[in-house]
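Participant: The amino acid sequence is not available; the structure is as follows:
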């Protein structure tokens, strides 16, 4: 014990104030071991140190309701060799790291490209091209130690210059990058500088406690490219990753061979070759694995033919709890939803457990009308969960002077279970006299014509490792995705505090206030946060999917 | 020279044999034709099935056992297989499929009818004008017709419906406009033979104005091919509407549109739920077949 | 000489039609909702990025300028660059066209012989059971939408019996027979849909030929029935069939969106469909134009064949 304690003290001495604060919280029992590890990786502590400290200082067992990370119950160890075939969603556009904005495209980026950090299925940050990272006192400058001995597929060595150049490339508005939505207000071009061969210093526009997430696989555009990169990624798929481009057939798929010079001894690809096959349609994707045309399916949905996979004895399903969700927005600046009691009434109409059961076969977490998904460590789980209560809904409507009900149009687009969700809301609303007419179109029409000005709508949001983006863009007064036209200065202030907060305890305290504020105001209904589901044949094991849609195939192989 | 399309139509439904004698369709001749029609087994079987659907369209909502739009508690009975309480089973939201299929007849019949009517009216007008005037007007209009024929209806439909938003009105307009050129072709061919006949020359000598000649003299004598075209196109319209609904451009949920039902439910067939897809599909098939049988029956009587 | 005159005339008409087609589709495409830059970069992209992209693509120019640009390019062989995929339209178009052609060809090769045989067989026993069966069977099959057939076929042959692949896209480098194996299910769906139509045409043609004078003469002259059928009747039943096949070409290329979806096949139908949804104008416009060309070529060839087979039609005739 003494020895251990001494080691812990030594670690503490070399740790920053931030890291020590985190350890204090763990010792005081304010955070669970799991959250400690998760949060610790963000602020730059290595996983091994974290596990050591957690074992030494950690309190009792975790009592978490939500499952930790993915569950893979395949028996048998994977054998090396073989040709792996994985079905993914077809990329929707050009494979240019700057502009990729869909799940198919990002999965491709993540095969041959690599990030500074990797946000895994448990939302922990694993070091990749960055060996370690530390913030300064207030989190406005982050320093990354860049791994040495790494080469790009063309043989050129990876240096800090390349990293800085990549970050600045994505942060520059002139390049029209998709990552601007994450870097906007956080990082400006030139903010990243190579201090020496192996160190990059990133100076942010404002303190940000979650910055390492923004250079992780979560911000999927930011694969590290050579400083000399000048476009046309599709011709080389250049990167430092474990898979090297063999052939690329647009609209059909990509084949890779394994990278013989890959830097990570623990993640040398098992299979000899890997093929990603593009499937534009969900049913085709599901049928492909059922029919044996692919060995792995990177993503599927229960409502889109996935139910058969859940019941198929030859298929193993991997669940990753994630933060992907739907936002049912209610315009706060327009009738009929100006009175918050009316908005609360709408929220009370939904029987969320039944929804999760019916739409996802239980593969989702309950949403409590705020972006704080159960998977986030900063979520305050003590806040009471809203449940269905039609009587109260009726009462609230009457109190707000709308006892006779009203008519409203709901706009959305045809995506997975969204039309069903809309219809279920519609039929539930009938019970309190609210008549909803549905306007279900396609993505293009919804986003250009209805999204930001409809009184009632449903929008799909993909997974993120931290709730920052969900808190700012859809809900801040100046938020660019603020379909609910929510303008609440208290809220804005709290969010600014949250974003700047570097330690978990403060984040959680602020989260509690935010959650309660949003439950009261209810500009948006968050009914659920659904899991990311992947599948593999029973003869295959070792896939490592993430909630984002990445799939790490290095440890994937055929059993026996 | 007639194009393949025209050949097809004319081969299937040839014009009456003796043009001169057809000028005066006496009431006796019409009654004779009707009697023939009612004796045709094809026509009768088609009319019977079609009649069932018309009944569903008109009285459906009143006679179905369940509310086709469902109620919130339905989801507890989702995806039940066909049984005595639910003849066609229930769908993903627990709604009774039998009720939805029956009530769904209304939308598809109204849209199909309206679209075909629109197309026929437009097409007949174009056909009359081009057939009668010929020359430049004919050339230009026929080239435009050719251009429309070269674009598959699904593509035009997709572009129009993405642009204008899916709604019954847009569907009717799109299909009607796409059908007009095809119908115009047939009508034009018929008018071309008619215009050489005596009664037309006589009218010209009387100094009747062109519109009068076209609509009062020629039109009544080309009703046969127009009628046949109408029924042929009705079948195609139903088909086209189902396909466009399947692609997501049809009526909005939760409407019990057959194409929409197939679209929503075919994706779970691989999980063993065949009934939510099968019954709307059978409905589409039998409706189209019935229309085709009616068309066949009518065409055959005109062949005599 | 008549043939040359005929061809020239048809070519001239075709060009006019194509021009009109380009105008129609361009005007129709203007219906598509707003923002091209937004459609490509997605709803969550930064507005500055969207504005820049729009400026780069030139979507704010007048539609006359845009049309002129596009058509000018097409005439000189440049079909433009896809907005969504950032590569020349040709690179996306030709593979898709080839794919559609393969499927269409396979479907034709199966359905035309079967349809003709069925139609002739029905006609030879007109009014009897065989005729009824083939006619009504064909009719029923045609009435079932092709996407319904697709789902049924996949369930039966792909999953339950597990003897055919469930998607149509064969792996890269697959040989001829493998490709046929993958294309068999979607081709069968098309066969079901087209069989009734072709059989009906063949049947009508056969009946007419059987009734014709020259047939009766041949029979009276003592020629065996089989020879009569082979020599005279078959040729006439082919005529309407050619006509039908030509009109279906447009459908078989651009109208198969639903089947291409279900079978995950990269044909030209779904290429155009997605281009419409993504407002990828260069791809949408050029691809539709190409389908128009295919259709016009098909009808031209059909007309030629028709005239060759039926000497009674004069080639360079006046309007009918």
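Facilitator: Arrived safely. Please read these numbers as outputs of a predicted model, since none were measured by experiment.

Participant: would you say residue A:317 is within a helix?
Facilitator: No. Read with DSSP: H, G, I helix; E, B strand; the rest coil, residue A:317 is strand and lies in no helix.

Participant: Let me know whether it touches residue A:309 as I believe.
Facilitator: Yes. Residue A:317 is within contact range of residue A:309, at 6.0 Å (criterion: CB atoms under 8 Å). In this view, the C-beta of every residue, glycine as well, is placed from N, C-alpha and C.

Participant: what do these two both touch?
Facilitator: residue A:535 (CB atoms under 8 Å, 6 or more residues apart in numbering or on different chains).

Participant: How about the contacts made by the closest residue to chain C within the stretch 301-450 of chain A?
Facilitator: In the stretch 301-450 of chain A, the residue that lies nearest chain C is residue A:447 (3.8 Å; CB to the nearest CB). Applying CB under 8 Å, 6+ apart to residue A:447 gives the contacts A:413, C:38, C:43.

Participant: got TSV for the residues you listed, with neighbour count, distance to residue B:161 and pLDDT too?
Facilitator: Below are those laid out as TSV (neighbours: other CB atoms under 10 Å in any protein chain shown; distance: CB to CB, whole Å; pLDDT from 0 to 100):
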residue	neighbour count	distance to residue B:161	pLDDT
A:413	23	14	90
C:38	21	20	76
C:43	19	20	72
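
Participant: Quick one: the strands in the stretch 201-350 of chain A, in order.
Facilitator: In the stretch 201-350 of chain A, the strands defined using DSSP state E, counting those that start in this stretch lie at A:243-249, A:253-258, A:273-279, A:296-300, A:315-330.

Participant: Could you say which of those strands is packed most deeply?
Facilitator: Most buried of the strands of the stretch 201-350 of chain A by mean neighbour count (mean count of other CB atoms under 10 Å in any protein chain shown) is strand A:296-300; its value is a mean of 25.

Participant: which secondary structure elements does that one contact?
Facilitator: strand A:83-89, helix A:282-290, strand A:528-537 (3 or more CB pairs under 8 Å, 6 or more residues apart in numbering or on different chains; DSSP states H and E).

Participant: How about residue B:219: what's its closest non-neighbour residue?
Facilitator: residue B:128 (6.6 Å; CB to CB, 6 or more residues apart in numbering or on different chains).

Participant: and that neighbour, which of the three is it?
Facilitator: Strictly by three-state DSSP, residue B:128 counts as helix.

Participant: Spell out which residues sit in contact with it, please.
Facilitator: B:187, B:188, B:191, B:214, B:215, B:218, B:219, B:222.

Participant: What distance do you get for the first one to residue B:129?
Facilitator: Counting by CB to CB, to the nearest Å, the separation of residue B:187 from residue B:129 is 10 Å.

Participant: Of those two, which one has the most company?
Facilitator: Using other CB atoms under 10 Å in any protein chain shown, the more surrounded residue of residue B:187 and residue B:129 is residue B:187, with 25 against 20.

Participant: surely that one meets residue B:225?
Facilitator: Yes. Between residue B:187 and residue B:225 there is a contact at 6.6 Å, judged by CB under 8 Å.

Participant: now the closest residue to chain A within the stretch 151-300 of chain C, nearest residue through space, not along the chain?
Facilitator: Closest residue of the stretch 151-300 of chain C to chain A, CB to the nearest CB: residue C:264 (3.5 Å). Counting by CB to CB, 6+ apart, residue A:284 is the residue found nearest to residue C:264 once chain neighbours are left out, at 3.5 Å.

Participant: residues in contact with the one you found?
Facilitator: Contacts of residue A:284 by CB under 8 Å, 6+ apart are C:166, C:167, C:261, C:262, C:263, C:264.

Participant: Show me which residues of the stretch 251-400 of chain A are close to chain C?
Facilitator: A:251-253, A:255, A:279-281, A:283-285, A:287-288, A:290-291, A:293 (CB under 8 Å from any CB of the partner chain).

Participant: Just the buried ones from those?
Facilitator: For those, a burial check counting by 16 or more other CB atoms under 10 Å in any protein chain shown picks out A:251-253, A:255, A:279-281, A:283-285, A:287-288, A:290-291, A:293.

Participant: biggest separation within these, which pair?
Facilitator: A:255 and A:283 (24.3 Å; CB to CB).

Participant: in stretch A:484-491, what's buried?
Facilitator: Applying 16+ other CB under 10 Å to stretch A:484-491 flags A:484, A:485, A:486, A:487, A:488, A:491 as buried.

Participant: What separation do you get for the last one and chain B?
Facilitator: Between residue A:491 and chain B the distance, using CB to the nearest CB, to the nearest Å, works out to 32 Å.

Participant: before we move on, what about the third one?
Facilitator: Distance of residue A:486 to chain B, computed by CB to the nearest CB: 27 Å.

Participant: ok, now residue A:6?
Facilitator: 59 Å.

Participant: Count the residues that sit near that residue.
Facilitator: Neighbours of residue A:6 (other CB under 10 Å): 10.

Participant: My reading is that it lies in a helix. Confirm?
Facilitator: Yes. According to three-state DSSP, residue A:6 belongs to a helix.

Participant: contacting residues around it?
Facilitator: Contact analysis of residue A:6 by CB under 8 Å, 6+ apart lists nothing.

Participant: May I see the ChimeraX selection of the buried members of the contacts of residue B:128?
Facilitator: Under the burial definition 16+ other CB under 10 Å, those of those that qualify are selected in ChimeraX by:
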select /B:187,188,191,214,218,219,222
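
Participant: just the residues of the stretch 101-250 of chain B that are near chain A, which are they?
Facilitator: Counting by CB under 8 Å from any CB, the stretch 101-250 of chain B sits next to chain A at B:162, B:165, B:166, B:248.

Participant: who's in contact with the second one?
Facilitator: It refers to residue B:165. A:441, A:445.

Participant: quick one, phi psi at it?
Facilitator: phi 80, psi 140 (degrees, to the nearest 10).

Participant: JSON lines please, covering the contacts of residue A:447 and showing distance to chain B.
Facilitator: Formatted as JSON lines, the contacts of residue A:447 follow (distance: CB to the nearest CB, whole Å):
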{"residue": "A:413", "distance to chain B": "9"}
{"residue": "C:38", "distance to chain B": "15"}
{"residue": "C:43", "distance to chain B": "16"}
